[in-house]
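In: This is a predicted model, with the sequence first.
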Amino acid sequence: MNTTAAPTRTASGGGWPGAIAFEWTKTVSVRSTWWIIASALVATLLGTWLFGASALASGRNGLDSAMPAPYIVVQTMLAVEMVIVLLATFSITGEYSTGSIMTTLQSVPRRGLVLLSKTAVLFAAGLVLGAALILAGTPVAAISAAEFGTFEFSDLLRAIVGTGVGLGFLGVFVLGLGTALRSASLTIITTLGLLHLIPNLLPLFGSDAISEFVRYLPNQAITVLAVDTTGPYGWPTAVLVLLGWAAAGLLLGHLVLRNRDA
Amino acid sequence: MITFESLTKVYGDRRAVDDISLQIAPGKVTGFLGPNGAGKSTTMRMLLGLDRPTSGRALIDGRTYQQLSHPLHTVGALLEPRTGHPGQSARSHLIGMARSNGIPSRRVNEALSMVGLEDVAHSRIGTFSLGMRQRLGIASALIGDPQVLVFDEPVNGLDPEGVSWIRHLMRDLAAQGRTVFVSSHLLSEMADTADHLVVIARGRLLADAPLRQLLDVTRTAQVRSPHAPRLAEVLERAGMTVTTVADHLQVSGDGIDTIGGLAHASHLQIDELSFTGASLEDIYSQLTEGVTDYRAASLPHTDTPAGTAPISTAPTTTQMEDTR
């Protein structure tokens, strides 16, 4: 019946490289992406300068405030990590609020593949942004903290890799959450609660089990990963913890994306 | 070729699409007609894998949309004017789609010039007028050079020039042997464009027939003949409905060419033979009568000539044979 050429056409390309290229194109071609990144850079430089200056002032007053410059930058990351939270949130909730999810699912109808492509792009974005922001902030910290910010190359490497991997996993977790919630405000509020509110509220209960749980929240694990000090657990555990959060978020998102109408 | 097999979508206790079985053939424009809320968009969304059917299947060349490895090569769709992300330029929107399906990037330029958007290729979609967005949606649908095209209310928001452009485009695409499936709630649009009509209301299929045949079956012919009683007998034997009114016959159930042919074959003189009154609007109101709540307010009700036989007693589904 159908004598047209469609069935015999041999399409090449596409597949998962195509799906990733598609997500990448969307991310970099939307203006808000660059606003978010530019704001993050400004926040990193300003925050780092403040933390460095504070370390210098305290140090000169005789306090033990010396810290390797890259770790001073890591302190600002606990606020600047919003860059990846926002990118991950808008990567999926923006699709629903603008209706571009229809374009996405028409181009890549396998929903698991859509989520995996977004995962790849956001993990890469977190990795690169985390590393780049540490790299950009370190000279600022080194100057503003002066002799109280001296560091070894190994400190820099740890901060770069740790922050990059940490933000990568954080982005993937938020992507999964956003896919399940489909609302930017809900996703951001939930994430902020998990990153900042719960770690400060739960210890108030004074229960050991709860305080132990707080150590395994994303921000605590990112800190362990990015700073080489004696933490509650080592970096391999921190990687596993973050992997767990990312996987849980993705699983939740995948279940909703697969079963709910677009 | 599009196939619906007992396609059904239930939201709570509302049957948005109710057991629709249908084939949409290539090489013609098939109009998908129904009042607002009849289930047209839901049907199309299920066809494109956006919504999951409660039961039944929607297939393109025998496969579901999710089974297509390079869907944009197979199906092009314009679902609603919100195409792409408003923060993206028209060009990067199309480039993203092209990359996802391994389509060469020169197709992006071709598609943009095909719809006349090459001058605004680098402008953000958010700055576009509704008409420009519709054009971009058409470009998105055509980018993979697909054999099946699905348009949901494509002329919404277009100026007369744009409406005529889309009509010609749909005719051209069908003439190239493609399957063109286009929804509308306006009959007048379909009358000039469609070869075939599928009518639904309240999620149920009411008619699936060539436009011509729908017109012939439901319109009423006026026949004046000196041999009226004998002619009535002949026509009734051929399955038509005949009513005698004053000095003429009112005949429904077939086209005037058939009526004239039968009269000629029986050597019965005819003094007048013409179609009266009924229009596409009448077909529509007949088909949707009793099935839909939202009919009366939206449709201008022209006088239905007495003796017009309803082609279906709602809510029974009427499936007319395609005699093409």
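Out: Looks like it arrived, so ask away.
In: C-alpha from now on. contacts and neighbour counts both.
Out: Fine.
In: Which positions in the stretch 101-250 of chain B make contact with chain A?
Out: Proximity of the stretch 101-250 of chain B to chain A is confined to B:101-103, B:146-147, B:177-178 under the rule CA under 8 Å from any CA of the partner chain.
In: ok, which pair from these is furthest apart?
Out: Maximum pairwise distance in those, criterion CA to CA, is 23.8 Å, between B:102 and B:177.
In: Not counting sequence-adjacent ones, nearest residue to whichever residue of the stretch 151-300 of chain B sits closest to chain A?
Out: Residue nearest to chain A within the stretch 151-300 of chain B: residue B:177 (7.0 Å; CA to the nearest CA). Nearest non-adjacent residue to residue B:177, counting by CA to CA, 6 or more residues apart in numbering or on different chains: residue B:27, 3.9 Å away.
In: Let me see the domain layout of chain B.
Out: B:2-209, B:220-276 (automatic domain parsing).
In: Relative to the whole chain's centre, how far out is the helix or strand hosting residue A:248?
Out: Using DSSP states H and E, residue A:248 sits within helix A:235-259. Taking CA atoms, centre = their mean, to the nearest Å, one finds the center of helix A:235-259 at 13 Å from the center of the full chain.
In: how about that helix: buried residues?
Out: A:235, A:238-239, A:241-254, A:256-257 (16 or more other CA atoms under 10 Å in any protein chain shown).
In: got it, and stretch A:60-70?
Out: Residues of stretch A:60-70 classed as buried by neighbour count (16+ other CA under 10 Å): A:65-70.
In: can you list the residues that contact that stretch?
Out: With contact meaning CA atoms under 8 Å, 6 or more residues apart in numbering or on different chains, stretch A:60-70 is reached by A:52, A:55-56, A:58-59, A:134-135, A:137-139, A:141-142, A:145, A:147-152, A:155-156, A:159.
In: And for residue 111, nearest residue in space, chain neighbours not counted?
Out: Let's take chain A. Using CA to CA, 6+ apart, the closest residue to residue A:111 is residue A:258 (6.3 Å).
In: I was after chain B.
Out: Nearest to residue B:111 is residue B:139, by CA to CA, 6+ apart, at 5.0 Å.
In: can you map out the helices along the chain?
Out: Using chain A here. Taking DSSP state H, the helices of chain A run over residues A:15-29, A:31-60, A:69-80, A:82-98, A:100-107, A:111-145, A:153-181, A:184-192, A:198-201, A:208-214, A:218-226, A:235-259.
In: hm, I was asking about chain B
Out: B:40-47, B:71-74, B:90-100, B:106-114, B:130-142, B:160-175, B:187-193, B:211-218, B:228-237, B:256-265, B:280-288, B:295-298.
In: How far off centre is stretch A:174-181?
Out: Distance of stretch A:174-181 from its chain centroid, counting by CA atoms, centre = their mean, is 13 Å.
In: Next: stretch B:30-50.
Out: Using CA atoms, centre = their mean, the offset of stretch B:30-50 from its chain centre is 10 Å.
In: got it, and stretch B:79-94?
Out: 26 Å.
In: So what would you say the end-to-end distance of it is?
Out: 16 Å (CA to CA, to the nearest Å).
In: Looks like residue A:211 contacts residue A:198 (just checking).
Out: No: if you go by CA atoms under 8 Å, residue A:211 and residue A:198 don't touch, sitting 10.5 Å apart.
In: more neighbours, the two?
Out: residue A:211 (17 against 13; other CA atoms under 10 Å in any protein chain shown).
In: Leaving out sequence neighbours, find the closest residue to the more buried one.
Out: Nearest one to residue A:211, counting by CA to CA, 6+ apart, is residue A:203 at 5.3 Å.
In: Retrieve the pLDDT associated with the one you found.
Out: Residue A:203 is assigned a predicted lDDT (pLDDT) of 85.
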